[in-house]
Every structure is written in C-alpha cells, then in structure tokens.
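Asker: Need coordinates for the following:
(chains A, B and C)
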Amino acid sequence: MELQLTDDFDVHKIAQSGQCFRWYPLPDNQCRIFAGSRTLLLSQPSADRLHLSCTEEEFTDFWHTYFDFPLNYAQMRAKILPSDTYLSQAAQYGSGIRILRQDPWEMLITFILSQRKSIPAIQKSVEALCTAAGSPIGNAADGQTLYAFPTPEQLAALDTDTLAACGLGYRLPYIQQAAQTVAHDPAAFAALDRRSDSELLQSLLAFHGVGAKIAHCVMLFGFHRLDAFPKDVWINRVLDTHYPNGYPFAQYAPFNGIMQQYLFFFGRATHSISK
DNA sequence: AGGCAGGTTCTTA
DNA sequence: TAAGAACCTGCC
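Answerer: Numbers count the residues shown, from 1 in each chain, chains lettered A, B, ... in the order given. A predicted model of the protein is given here:
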C-alpha cells in the first residue's frame, strides 16, 4: 500500500538510529524490516510518501502503531528550546527519526546481546538466533527463507550448543536465563507494561546481564517509555562535551528519550565513525 | 596481528 | 561505595 506522510519519517535515519537491528537496506532503496513475527518491505520514494508491502488492514492493525504514527514528532521537536543550540542542531539533523514500538521481549534479548559488540556482530548473532529458533515467515526475493524472532518458549527450548553457535559469548547464560524466566511466566513479563517507569526499571535490572544502559534501552524501545534516557559511550561523550554543567532533563520530561535519540544520532554522526 | 566493541558483573580497597 | 579487571567473539 501507499501512504501519504504528514509527519517526520525517514527510513534511512531510522534504520541507522541504533534502536533496531533487523532493518536491512536492499537494492532500489528498499528496506526489509522484521518486527516480532512480521516482516515488511518498505521504501520511501519521496520525503512524504511511503510504500509498504502490506494491506491497509495489516497497516492499521499493526504497522501504524509500530511506527508510532499516533505521536507527532515534528511537535516534539518544536518543544526544544532555541537557546539549546546543540540539541536544536541535533534534532534538525535527526528529523525523521521516530521511536518505534518494538516488542519488549525482542528488545530484552537483543540488547542483552548487544553489550560490548559491534553492530555487524550484533546483527549476525540476532539472525543466527532467528534462524536457529524462529518460525519461518516467508521468503525473500532471492528465495531465502525469512525467520521471525524466536518466542520465549522457542528460545528457552534451544540447547546450549546451538545457542553457543550463535556467537553469544559470555552473554549466553544471560540470554538463556532471560528466556527461561520469560517462558516460565509470560504473563508476568507482559504485565510489566502496566508498571510505573521506576518499577519497570527495577524489574528489568533484576535480569542477569541487564544493567542501567540496557534496561533503559528496553524501556524506551520495547516498552515505549519515552522518558527513558539510555546512557552509552556516545551519549556520555556528548554530555561531557556539550553539557559540562549538566543536561536539562527536567526541561524535556517526559520525552527525554526522544531527545536522547537526536543527541545520539547526531553525536555519533559528527564523530564520523564507521559503525 | 591485535586492539577494541553501543556493558555488566565480580573482585578488591 | 567506588574504581578496575575480566569476560566471549568477531570485526576492522
């Protein structure tokens, strides 16, 4: 289907924003997206138009929410104080980024996996997990089978040797334990969605292998807690350099997470890092 | 060839 | 309570 855009949306920037690891660029400016047990081909022929390989019904039922279309990001950017020149510049540069509503379970496992790994290495491990334990959900243009992200049950059922072959390294027991915990009581994990930010944070920190940074990533990208502000090496560099007297968290509550994305995307880009 | 990577845990003062 | 080392593995 075709979609006329009325708000911020940039396929390329979102794919590079660091929140998603299964957005793959394809020839012809297309993008293959996976979300839980769904997949989609996406392209943006012009700034205000989107082409999606799904029906209008599927868009309304799922993707509309996934892309967070109910929230107006141009309006969010307008909240930035002009006096904050660095954030203003960052938001201008990152306009088109949105905070996707990704699956909490998928975010939990993916971000546990991400620690101390490069992005290509993260993607490789995630794909290995999907191939090893996920359900087939279709075929790519070249005929290759596409796999869903494994369910907690599927991942928990995987034997240690197979998991080890996914290149998890020392994170293997973290992943294994998280899978067993969630598979054992999926309702308890789902119920976290209704907890307050601080209660949710505490629950996430209880997972072995989940510290402050990963917990905040899961909150922001999986539970859509828009005030969560993950502090990684890039953000810390930005805060140290451009906010030596402290960052104005109170000013941008409860949307600090959105600003974090702009700061991260801009901070990383201006350091002209490879990725 | 060898350091380093989008962090966390464990160990030591 | 706080700083340092260790941790698997693969990428650059």
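Asker: Only C-alpha atoms from now on, for both contacts and neighbour counts.
Answerer: Will do.
Asker: Break down the stretch 101-250 of chain A into its strands, ranges please.
Answerer: A:136-139, A:145-147 (DSSP state E, counting those that start in this stretch).
Asker: Give the buried residues for the shortest one.
Answerer: Just to be clear, that refers to strand A:145-147. Neighbour counts over strand A:145-147 (16 or more other CA atoms under 10 Å) mark A:146-147 as buried.
Asker: hmm, who's touching that strand?
Answerer: A:37, A:130-131, A:134-140 (CA atoms under 8 Å, 6 or more residues apart in numbering).
Asker: If any of those residues are buried, give me the PyMOL selection for them.
Answerer: A single PyMOL command is used to select the members of the contacts of strand A:145-147 judged buried by 16+ other CA under 10 Å:
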select buried, chain A and resi 37+130+131+134+135
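Asker: Report the mean confidence score over the longest strand along chain A.
Answerer: In chain A, taking DSSP state E as the definition, the longest strand is strand A:38-46. Mean pLDDT, computed over strand A:38-46, is 97.
Asker: Parallel or antiparallel, list what pairs with the very next helix or strand once past that strand.
Answerer: Next along the chain after strand A:38-46, taking DSSP states H and E as the criterion, comes strand A:49-52. According to DSSP bridges, strand A:49-52 forms sheet pairs with strand A:2-4 (antiparallel), strand A:38-46 (antiparallel).
Asker: show me what contacts residue A:227?
Answerer: Listed by CA under 8 Å, 6+ apart, the contact partners of residue A:227 are A:220, A:253-258.
Asker: Equivalent analysis for residue A:172, please.
Answerer: Contacts of residue A:172 (CA under 8 Å, 6+ apart): A:163-164.
Asker: So which bits of the stretch 101-250 of chain A are right by DNA strand C?
Answerer: Within the stretch 101-250 of chain A, the residues that sit near DNA strand C (CA under 7 Å from any atom of the strand) are A:116-118, A:120-121, A:124, A:164, A:167-171.
Asker: which residue does the stretch 1-150 of chain A bring closest to DNA strand C?
Answerer: Here the residue of the stretch 1-150 of chain A nearest DNA strand C is residue A:121; by CA to the nearest atom of the strand that distance is 4.5 Å.
Asker: burial of that residue, as a residue count?
Answerer: 15 (other CA atoms under 10 Å).
Asker: what's the pLDDT at it?
Answerer: The model's pLDDT for residue A:121 equals 97.
Asker: Give me the neighbour count for the residue nearest to residue A:5 when sequence neighbours are not counted.
Answerer: Using CA to CA, 6 or more residues apart in numbering and skipping the chain neighbours, the partner closest in space to residue A:5 is residue A:48 (4.7 Å). As a burial measure, residue A:48 scores 14 neighbours (other CA under 10 Å).
Asker: which ones are touching residue A:48?
Answerer: A:4-6, A:9.
Asker: 10 Å instead?
Answerer: The contact partners of residue A:48, taken as CA atoms under 10 Å, 6 or more residues apart in numbering, are A:3-10.
Asker: picking up where we left off before, can you redo the strands of the stretch 101-250 of chain A as TSV with mean pLDDT?
Answerer: TSV is the format used below for the strands of the stretch 101-250 of chain A (pLDDT from 0 to 100):
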stretch	mean pLDDT
strand A:136-139	97
strand A:145-147	98
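Asker: from the contacts of strand A:145-147, which two are the most distant?
Answerer: A:134 and A:140 (15.7 Å; CA to CA).
Asker: residues in contact with the closest residue to residue A:200 other than its chain neighbours?
Answerer: Nearest non-adjacent residue to residue A:200, counting by CA to CA, 6+ apart: residue A:192, 6.0 Å away. Contacts of residue A:192 were listed using CA under 10 Å, 6+ apart, and they are A:104, A:199-201, A:203-204, A:223.
Asker: Please, a PyMOL command that selects the buried ones among those?
Answerer: For the buried members of the contacts of residue A:192, the matching PyMOL selection, counting by 16+ other CA under 10 Å, is:
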select buried, chain A and resi 104+200+201+204+223
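Asker: and the contacts of residue A:192 as JSON lines, adding pLDDT and distance to DNA strand B?
Answerer: Shown next, in JSON lines, are these (pLDDT from 0 to 100; distance: CA to the nearest atom of the strand, whole Å):
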{"residue": "A:104", "pLDDT": "98", "distance to DNA strand B": "15"}
{"residue": "A:199", "pLDDT": "97", "distance to DNA strand B": "16"}
{"residue": "A:200", "pLDDT": "98", "distance to DNA strand B": "14"}
{"residue": "A:201", "pLDDT": "98", "distance to DNA strand B": "11"}
{"residue": "A:203", "pLDDT": "98", "distance to DNA strand B": "12"}
{"residue": "A:204", "pLDDT": "98", "distance to DNA strand B": "10"}
{"residue": "A:223", "pLDDT": "98", "distance to DNA strand B": "16"}
